[in-house]
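Participant: Next comes the sequence, and after it the predicted model I'd like to discuss.
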Amino acid sequence: MHKLNRTVTALAMALLLAGSVAVVGCSSSPDEAQMKQLNDLKDEVASLQKDVAAKEDQKSTLNKDIAEKNAKLKKCNDDQAIVKQRLAK
Amino acid sequence: MKLYTHSVVLAALLVVALGAASAQDEKMTKDQWQQEIAKYTQQRNDLSAKAKTLDQDVASLQAQSTQLDADYQKCMDALYALVGSDASKAAAYRADIEAAENKANELSRLSDADLVARSGDVDALAATVKGLWENKLSLIPEFWDRLTALNDKVKSLQATLANQVKVYTVGTWAKDRDCLWNISKKKDIYDNAWLWPKIWQGNRDEIKDPDVIHKGQKLKIPKGNELNAEEKAAAKKYYAKKAAK
(Lines give C-alpha, C1' and ligand atoms only; values in the text may rest on other atoms or scores of the structure.)
Protein backbone atom coordinates (compact mmCIF):
# COMPACT_ATOMS: atom_id res chain seq x y z
CA MET A 1 0.00 0.00 0.00
CA HIS A 2 2.74 2.32 0.99
CA LYS A 3 4.58 1.46 -2.23
CA LEU A 4 1.53 2.25 -4.30
CA ASN A 5 1.09 5.53 -2.51
CA ARG A 6 4.67 6.53 -3.33
CA THR A 7 4.22 5.56 -6.93
CA VAL A 8 1.09 7.68 -7.29
CA THR A 9 2.81 10.63 -5.62
CA ALA A 10 5.82 10.29 -7.95
CA LEU A 11 3.53 10.11 -10.94
CA ALA A 12 1.67 13.18 -9.80
CA MET A 13 4.89 15.10 -9.32
CA ALA A 14 6.11 14.06 -12.75
CA LEU A 15 2.87 15.13 -14.37
CA LEU A 16 2.91 18.42 -12.53
CA LEU A 17 6.47 19.04 -13.65
CA ALA A 18 5.68 18.15 -17.27
CA GLY A 19 2.56 20.35 -17.22
CA SER A 20 4.38 23.31 -15.80
CA VAL A 21 7.19 22.90 -18.32
CA ALA A 22 4.63 22.82 -21.13
CA VAL A 23 2.85 25.88 -19.78
CA VAL A 24 6.05 27.82 -19.36
CA GLY A 25 7.30 26.71 -22.82
CA CYS A 26 4.16 27.89 -24.60
CA SER A 27 3.63 31.05 -22.67
CA SER A 28 6.05 33.12 -24.84
CA SER A 29 3.15 34.82 -26.67
CA PRO A 30 3.42 38.31 -28.28
CA ASP A 31 2.85 41.26 -26.04
CA GLU A 32 0.29 44.00 -26.58
CA ALA A 33 2.62 46.24 -28.60
CA GLN A 34 3.47 43.40 -30.91
CA MET A 35 -0.20 42.53 -31.43
CA LYS A 36 -0.86 46.19 -32.22
CA GLN A 37 1.95 46.09 -34.75
CA LEU A 38 0.35 43.05 -36.40
CA ASN A 39 -3.11 44.61 -36.43
CA ASP A 40 -1.77 47.86 -37.87
CA LEU A 41 -0.03 45.84 -40.58
CA LYS A 42 -3.27 44.01 -41.37
CA ASP A 43 -5.10 47.35 -41.59
CA GLU A 44 -2.42 48.71 -43.88
CA VAL A 45 -2.72 45.66 -46.16
CA ALA A 46 -6.52 45.99 -46.27
CA SER A 47 -6.22 49.67 -47.16
CA LEU A 48 -3.65 48.91 -49.87
CA GLN A 49 -5.92 46.21 -51.31
CA LYS A 50 -8.72 48.79 -51.63
CA ASP A 51 -6.33 51.29 -53.12
CA VAL A 52 -5.06 48.79 -55.69
CA ALA A 53 -8.62 47.75 -56.61
CA ALA A 54 -9.55 51.43 -57.16
CA LYS A 55 -6.49 52.00 -59.34
CA GLU A 56 -7.25 48.88 -61.36
CA ASP A 57 -10.79 50.22 -61.95
CA GLN A 58 -9.35 53.56 -63.00
CA LYS A 59 -6.95 51.82 -65.38
CA SER A 60 -9.75 49.74 -66.84
CA THR A 61 -11.92 52.86 -67.38
CA LEU A 62 -9.03 54.67 -69.01
CA ASN A 63 -8.34 51.73 -71.32
CA LYS A 64 -12.01 51.77 -72.36
CA ASP A 65 -11.94 55.55 -72.94
CA ILE A 66 -8.80 55.25 -75.01
CA ALA A 67 -10.33 52.50 -77.15
CA GLU A 68 -13.35 54.77 -77.79
CA LYS A 69 -11.14 57.75 -78.58
CA ASN A 70 -9.06 55.67 -80.97
CA ALA A 71 -12.25 54.59 -82.74
CA LYS A 72 -13.39 58.22 -82.98
CA LEU A 73 -10.04 59.30 -84.34
CA LYS A 74 -10.10 56.49 -86.90
CA LYS A 75 -13.61 57.54 -87.99
CA CYS A 76 -12.44 61.13 -88.36
CA ASN A 77 -9.55 60.03 -90.57
CA ASP A 78 -11.91 57.83 -92.61
CA ASP A 79 -14.31 60.79 -92.95
CA GLN A 80 -11.47 62.95 -94.24
CA ALA A 81 -10.73 60.36 -96.92
CA ILE A 82 -14.42 60.20 -97.92
CA VAL A 83 -14.73 64.01 -98.10
CA LYS A 84 -11.59 64.20 -100.25
CA GLN A 85 -13.10 61.63 -102.63
CA ARG A 86 -16.39 63.54 -102.78
CA LEU A 87 -14.61 66.82 -103.40
CA ALA A 88 -12.61 65.23 -106.21
CA LYS A 89 -15.80 64.20 -108.05
CA MET B 1 -7.96 6.81 1.94
CA LYS B 2 -4.60 8.34 1.27
CA LEU B 3 -4.60 6.75 -2.15
CA TYR B 4 -7.99 8.29 -2.84
CA THR B 5 -6.75 11.74 -1.84
CA HIS B 6 -3.73 11.42 -4.06
CA SER B 7 -5.92 10.36 -6.98
CA VAL B 8 -8.19 13.36 -6.53
CA VAL B 9 -5.24 15.74 -6.38
CA LEU B 10 -3.78 14.10 -9.48
CA ALA B 11 -7.07 14.45 -11.37
CA ALA B 12 -7.36 18.09 -10.34
CA LEU B 13 -3.82 18.76 -11.48
CA LEU B 14 -4.56 17.12 -14.81
CA VAL B 15 -7.67 19.24 -15.31
CA VAL B 16 -5.72 22.42 -14.49
CA ALA B 17 -2.86 21.41 -16.83
CA LEU B 18 -5.23 20.61 -19.70
CA GLY B 19 -7.17 23.86 -19.17
CA ALA B 20 -3.98 25.84 -19.27
CA ALA B 21 -2.86 24.06 -22.43
CA SER B 22 -6.23 24.70 -24.08
CA ALA B 23 -6.14 28.40 -23.27
CA GLN B 24 -2.65 28.51 -24.68
CA ASP B 25 -3.99 27.08 -27.99
CA GLU B 26 -6.36 30.06 -28.43
CA LYS B 27 -3.60 32.59 -27.81
CA MET B 28 -1.07 33.28 -30.60
CA THR B 29 2.43 32.10 -30.03
CA LYS B 30 5.40 34.27 -30.80
CA ASP B 31 6.30 32.00 -33.69
CA GLN B 32 2.82 32.38 -35.14
CA TRP B 33 3.02 36.14 -34.63
CA GLN B 34 6.31 36.24 -36.50
CA GLN B 35 4.84 34.18 -39.34
CA GLU B 36 1.85 36.52 -39.55
CA ILE B 37 4.09 39.58 -39.48
CA ALA B 38 6.20 38.08 -42.27
CA LYS B 39 3.12 37.15 -44.32
CA TYR B 40 1.47 40.57 -44.03
CA THR B 41 4.73 42.41 -44.57
CA GLN B 42 5.19 40.49 -47.80
CA GLN B 43 1.61 41.31 -48.82
CA ARG B 44 2.10 44.97 -48.00
CA ASN B 45 5.29 45.11 -50.02
CA ASP B 46 3.67 43.34 -53.00
CA LEU B 47 0.64 45.62 -52.87
CA SER B 48 2.76 48.74 -52.56
CA ALA B 49 4.77 47.70 -55.59
CA LYS B 50 1.56 46.92 -57.52
CA ALA B 51 0.06 50.30 -56.54
CA LYS B 52 3.20 52.03 -57.74
CA THR B 53 3.08 50.20 -61.09
CA LEU B 54 -0.61 51.03 -61.41
CA ASP B 55 0.09 54.70 -60.70
CA GLN B 56 2.60 54.70 -63.53
CA ASP B 57 0.16 52.90 -65.85
CA VAL B 58 -2.66 55.31 -65.02
CA ALA B 59 -0.40 58.33 -65.55
CA SER B 60 0.69 56.92 -68.91
CA LEU B 61 -2.90 56.21 -69.97
CA GLN B 62 -4.02 59.67 -68.91
CA ALA B 63 -1.31 61.19 -71.03
CA GLN B 64 -2.34 58.96 -73.93
CA SER B 65 -5.97 60.00 -73.48
CA THR B 66 -5.08 63.69 -73.47
CA GLN B 67 -3.00 63.22 -76.60
CA LEU B 68 -5.88 61.44 -78.33
CA ASP B 69 -8.21 64.34 -77.47
CA ALA B 70 -5.76 66.74 -79.06
CA ASP B 71 -5.32 64.50 -82.13
CA TYR B 72 -9.09 64.19 -82.55
CA GLN B 73 -9.57 67.95 -82.28
CA LYS B 74 -6.87 68.47 -84.87
CA CYS B 75 -8.44 65.88 -87.17
CA MET B 76 -11.89 67.45 -86.89
CA ASP B 77 -10.50 70.92 -87.57
CA ALA B 78 -8.78 69.53 -90.68
CA LEU B 79 -12.02 67.82 -91.73
CA TYR B 80 -14.01 71.07 -91.49
CA ALA B 81 -11.23 72.94 -93.23
CA LEU B 82 -11.49 70.56 -96.19
CA VAL B 83 -14.96 71.97 -96.88
CA GLY B 84 -13.98 75.54 -96.02
CA SER B 85 -15.72 75.52 -92.67
CA ASP B 86 -15.01 75.32 -88.96
CA ALA B 87 -16.43 73.82 -85.80
CA SER B 88 -18.79 76.68 -84.99
CA LYS B 89 -20.27 76.74 -88.51
CA ALA B 90 -20.61 72.96 -88.37
CA ALA B 91 -22.46 73.28 -85.06
CA ALA B 92 -24.89 75.78 -86.60
CA TYR B 93 -25.34 73.52 -89.63
CA ARG B 94 -25.98 70.56 -87.33
CA ALA B 95 -28.67 72.59 -85.55
CA ASP B 96 -30.30 73.46 -88.90
CA ILE B 97 -30.38 69.79 -89.87
CA GLU B 98 -31.89 68.91 -86.52
CA ALA B 99 -34.61 71.54 -86.97
CA ALA B 100 -35.41 70.14 -90.43
CA GLU B 101 -35.51 66.61 -88.99
CA ASN B 102 -37.93 67.76 -86.30
CA LYS B 103 -40.12 69.41 -88.92
CA ALA B 104 -40.10 66.27 -91.08
CA ASN B 105 -41.03 64.14 -88.07
CA GLU B 106 -43.82 66.51 -87.14
CA LEU B 107 -45.25 66.42 -90.68
CA SER B 108 -44.88 62.64 -90.85
CA ARG B 109 -47.11 62.29 -87.80
CA LEU B 110 -49.99 64.23 -89.42
CA SER B 111 -53.05 62.53 -90.87
CA ASP B 112 -53.24 62.62 -94.66
CA ALA B 113 -55.95 65.29 -94.53
CA ASP B 114 -53.90 67.48 -92.19
CA LEU B 115 -50.84 66.96 -94.35
CA VAL B 116 -52.76 68.17 -97.40
CA ALA B 117 -53.72 71.28 -95.47
CA ARG B 118 -50.03 71.84 -94.72
CA SER B 119 -48.67 70.96 -98.13
CA GLY B 120 -46.97 74.36 -98.11
CA ASP B 121 -44.86 73.21 -95.14
CA VAL B 122 -43.78 70.14 -97.11
CA ASP B 123 -42.70 72.37 -99.98
CA ALA B 124 -40.83 74.64 -97.59
CA LEU B 125 -39.12 71.65 -96.00
CA ALA B 126 -38.09 70.32 -99.40
CA ALA B 127 -36.58 73.74 -100.17
CA THR B 128 -34.77 73.79 -96.82
CA VAL B 129 -33.29 70.34 -97.41
CA LYS B 130 -32.21 71.38 -100.90
CA GLY B 131 -30.47 74.39 -99.38
CA LEU B 132 -28.74 72.24 -96.79
CA TRP B 133 -27.39 69.98 -99.54
CA GLU B 134 -25.89 73.01 -101.24
CA ASN B 135 -23.61 73.62 -98.25
CA LYS B 136 -20.27 71.85 -98.65
CA LEU B 137 -20.54 70.62 -95.07
CA SER B 138 -23.04 68.11 -96.47
CA LEU B 139 -20.03 66.20 -97.87
CA ILE B 140 -19.07 65.17 -94.35
CA PRO B 141 -20.50 61.69 -93.69
CA GLU B 142 -22.21 62.72 -90.44
CA PHE B 143 -24.27 65.32 -92.31
CA TRP B 144 -24.48 63.40 -95.59
CA ASP B 145 -26.15 60.44 -93.88
CA ARG B 146 -28.62 62.61 -91.99
CA LEU B 147 -29.51 64.59 -95.11
CA THR B 148 -30.00 61.38 -97.08
CA ALA B 149 -32.44 60.16 -94.43
CA LEU B 150 -34.14 63.57 -94.49
CA ASN B 151 -34.47 63.41 -98.27
CA ASP B 152 -36.20 60.06 -97.97
CA LYS B 153 -38.65 61.52 -95.47
CA VAL B 154 -39.42 64.51 -97.68
CA LYS B 155 -39.95 62.23 -100.68
CA SER B 156 -42.27 60.07 -98.61
CA LEU B 157 -44.26 63.16 -97.56
CA GLN B 158 -44.44 64.35 -101.16
CA ALA B 159 -45.58 60.91 -102.30
CA THR B 160 -48.31 60.95 -99.65
CA LEU B 161 -49.41 64.38 -100.86
CA ALA B 162 -49.34 63.26 -104.50
CA ASN B 163 -51.74 60.47 -103.65
CA GLN B 164 -54.17 62.86 -102.02
CA VAL B 165 -56.83 64.55 -104.15
CA LYS B 166 -57.96 67.87 -102.82
CA VAL B 167 -61.70 68.46 -103.00
CA TYR B 168 -63.27 71.88 -103.41
CA THR B 169 -66.96 72.50 -102.67
CA VAL B 170 -68.43 75.07 -105.02
CA GLY B 171 -70.04 78.11 -103.40
CA THR B 172 -72.34 80.67 -104.97
CA TRP B 173 -71.44 83.21 -107.63
CA ALA B 174 -73.11 85.96 -105.66
CA LYS B 175 -71.18 85.30 -102.49
CA ASP B 176 -68.04 83.42 -103.52
CA ARG B 177 -67.66 84.42 -107.18
CA ASP B 178 -67.00 80.75 -107.89
CA CYS B 179 -66.22 79.79 -111.46
CA LEU B 180 -63.42 77.50 -112.66
CA TRP B 181 -61.21 80.50 -113.45
CA ASN B 182 -61.67 82.05 -110.00
CA ILE B 183 -61.38 78.72 -108.19
CA SER B 184 -58.14 77.96 -110.01
CA LYS B 185 -56.85 81.41 -109.09
CA LYS B 186 -57.29 80.77 -105.36
CA LYS B 187 -54.07 80.66 -103.36
CA ASP B 188 -54.85 77.27 -101.84
CA ILE B 189 -55.89 75.76 -105.20
CA TYR B 190 -53.40 76.57 -107.97
CA ASP B 191 -52.78 80.24 -107.41
CA ASN B 192 -52.93 80.41 -111.21
CA ALA B 193 -56.22 81.09 -113.06
CA TRP B 194 -54.85 79.64 -116.32
CA LEU B 195 -54.84 76.18 -114.82
CA TRP B 196 -58.68 76.06 -114.71
CA PRO B 197 -58.77 73.36 -117.47
CA LYS B 198 -57.14 70.97 -114.99
CA ILE B 199 -60.23 71.19 -112.78
CA TRP B 200 -62.50 70.82 -115.80
CA GLN B 201 -60.67 67.76 -117.15
CA GLY B 202 -60.34 66.26 -113.68
CA ASN B 203 -64.11 66.47 -113.22
CA ARG B 204 -65.48 65.55 -116.67
CA ASP B 205 -68.22 63.49 -115.03
CA GLU B 206 -69.34 66.55 -113.02
CA ILE B 207 -68.69 69.36 -115.49
CA LYS B 208 -70.13 69.13 -118.99
CA ASP B 209 -69.81 72.85 -119.71
CA PRO B 210 -66.85 74.58 -117.97
CA ASP B 211 -68.86 77.79 -117.82
CA VAL B 212 -71.50 76.10 -115.70
CA ILE B 213 -70.84 74.81 -112.22
CA HIS B 214 -73.31 74.53 -109.38
CA LYS B 215 -73.36 75.42 -105.71
CA GLY B 216 -72.49 72.38 -103.59
CA GLN B 217 -70.67 70.51 -106.35
CA LYS B 218 -67.60 68.75 -104.99
CA LEU B 219 -64.75 69.20 -107.46
CA LYS B 220 -61.56 67.19 -107.33
CA ILE B 221 -58.46 69.37 -107.66
CA PRO B 222 -55.83 67.38 -109.57
CA LYS B 223 -52.22 67.82 -108.51
CA GLY B 224 -49.75 69.70 -110.67
CA ASN B 225 -48.71 73.19 -111.57
CA GLU B 226 -49.00 73.05 -115.34
CA LEU B 227 -51.45 71.76 -117.94
CA ASN B 228 -50.79 68.36 -119.48
CA ALA B 229 -51.33 67.71 -123.19
CA GLU B 230 -54.92 66.57 -122.75
CA GLU B 231 -55.81 69.63 -120.66
CA LYS B 232 -54.11 71.94 -123.14
CA ALA B 233 -56.07 70.38 -126.01
CA ALA B 234 -59.35 70.76 -124.11
CA ALA B 235 -58.56 74.41 -123.35
CA LYS B 236 -57.67 75.09 -126.97
CA LYS B 237 -60.91 73.53 -128.13
CA TYR B 238 -62.86 75.58 -125.59
CA TYR B 239 -61.30 78.91 -126.64
CA ALA B 240 -61.75 78.05 -130.34
CA LYS B 241 -65.42 77.33 -129.73
CA LYS B 242 -65.82 80.59 -127.82
CA ALA B 243 -64.12 82.49 -130.60
CA ALA B 244 -66.39 80.90 -133.19
CA LYS B 245 -69.52 82.11 -131.39
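Facilitator: Yep, that arrived. Keep in mind that what you see is a predicted model, and the values were worked out from it rather than measured.
Participant: where along chain B do the strands fall?
Facilitator: With DSSP state E as the criterion, chain B has strands at B:166-169, B:218-221.
Participant: Could you say which of these is packed most deeply?
Facilitator: strand B:218-221 (a mean of 17; mean count of other CB atoms under 10 Å in any protein chain shown). In this view, the C-beta of every residue, glycine as well, is placed from N, C-alpha and C.
Participant: Sheet-wise, list the partners of that one with their directions.
Facilitator: strand B:166-169 (antiparallel) (DSSP bridges).
Participant: Give me the average confidence score over the partner strand.
Facilitator: When pLDDT is averaged along strand B:166-169, the result is 86.
Participant: so where's chain B uncertain?
Facilitator: Applying pLDDT under 70 to chain B flags residues B:1-26.
Participant: Kindly state the domain boundaries assigned to chain A.
Facilitator: A:1-30, A:33-89 (automatic domain parsing).
Participant: For residue B:206, which of these is the nearest?
Facilitator: Residue B:206 lies closest to domain A:33-89 among the domains of chain A, at 51.9 Å (CB to CB).
Participant: so which of the domains of chain A comes closest to residue B:169?
Facilitator: domain A:33-89 (50.9 Å).
Participant: Let me know whether the closest one sits next to chain B.
Facilitator: Yes: residues of domain A:33-89 are located near chain B by CB under 8 Å from any CB of the partner chain, namely A:34-35, A:37-38, A:41-42, A:44-45, A:48-49, A:51-52, A:55-56, A:58-59, A:62-63, A:65-66, A:69-70, A:72-73, A:76-77, A:79-80, A:82-84, A:86-87.
Participant: Those residues in helices, which ones?
Facilitator: Among the residues of domain A:33-89 next to chain B, the ones falling in helices (DSSP state H) are A:34-35, A:37-38, A:41-42, A:44-45, A:48-49, A:51-52, A:55-56, A:58-59, A:62-63, A:65-66, A:69-70, A:72-73, A:76-77, A:79-80, A:82-84, A:86-87.
Participant: just how off-centre is the lengthiest helix in chain B within its chain?
Facilitator: Secondary structure assigned by DSSP H gives helix B:30-82 as the longest helix of chain B. Its chain's C-alpha centre and that of helix B:30-82 lie 39 Å apart, by CA atoms, centre = their mean, to the nearest Å.
Participant: Domains in chain B, by residue range?
Facilitator: According to automatic domain parsing, the ranges for chain B are B:87-162, B:166-244.
Participant: what about residue 83, neighbour count?
Facilitator: Since you didn't name a chain, this refers to chain A. Residue A:83 has 21 neighbouring residues, counting by other CB atoms under 10 Å in any protein chain shown.
Participant: look at chain B instead
Facilitator: 19.
Participant: cool, and residue A:87?
Facilitator: 11.
Participant: pLDDT score assigned to it?
Facilitator: 96.
Participant: can you pull the contacts of the most centrally placed residue in chain A?
Facilitator: With distances taken as CA atoms, centre = their mean, the residue of chain A nearest its centroid is residue A:45 (5.5 Å). By CB atoms under 8 Å, 6 or more residues apart in numbering or on different chains, the contact set of residue A:45 is B:40, B:43, B:44, B:47.
Participant: Please name the nearest non-neighbouring residue to the residue most central in space within chain B.
Facilitator: Geometric centre of chain B, nearest residue: residue B:101, 7.3 Å, by CA atoms, centre = their mean. Once flanking residues are discounted, residue B:101 sits nearest to residue B:150: 6.1 Å by CB to CB, 6 or more residues apart in numbering or on different chains.
Participant: what do you get for residue B:171?
Facilitator: residue B:178 (4.8 Å).
Participant: Dihedrals phi and psi, the one you found?
Facilitator: phi -80, psi 120 (degrees, to the nearest 10).
Participant: can you tell me how far it sits from chain A?
Facilitator: 53 Å (CB to the nearest CB, to the nearest Å).
Participant: list the contacts for that residue?
Facilitator: B:170, B:171, B:172, B:213, B:215.
Participant: Do I have it right that the second one meets residue B:215?
Facilitator: Yes: in this structure, residue B:171 is within contact of residue B:215 by CB atoms under 8 Å, at 6.3 Å.
Participant: Below-threshold pLDDT in chain A: ranges please.
Facilitator: If you take pLDDT under 70 as the line, chain A has these spans: A:1-5, A:7-27.
Participant: if I pick the closest residue to residue A:28 other than its chain neighbours, what's in contact with it?
Facilitator: Computed as CB to CB, 6+ apart, the closest residue to residue A:28 that is not its neighbour in sequence is residue B:30, at 4.9 Å. Applying CB under 8 Å, 6+ apart, we find residue B:30 in contact with A:28, A:29, A:30.
Participant: are any of these buried, and which?
Facilitator: residue A:30 (16 or more other CB atoms under 10 Å in any protein chain shown).
Participant: got the contacts of residue B:30 as JSON lines, with secondary structure columns?
Facilitator: Shown next, in JSON lines, are the contacts of residue B:30 (DSSP: H, G, I helix; E, B strand; the rest coil):
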{"residue": "A:28", "secondary structure": "coil"}
{"residue": "A:29", "secondary structure": "coil"}
{"residue": "A:30", "secondary structure": "coil"}
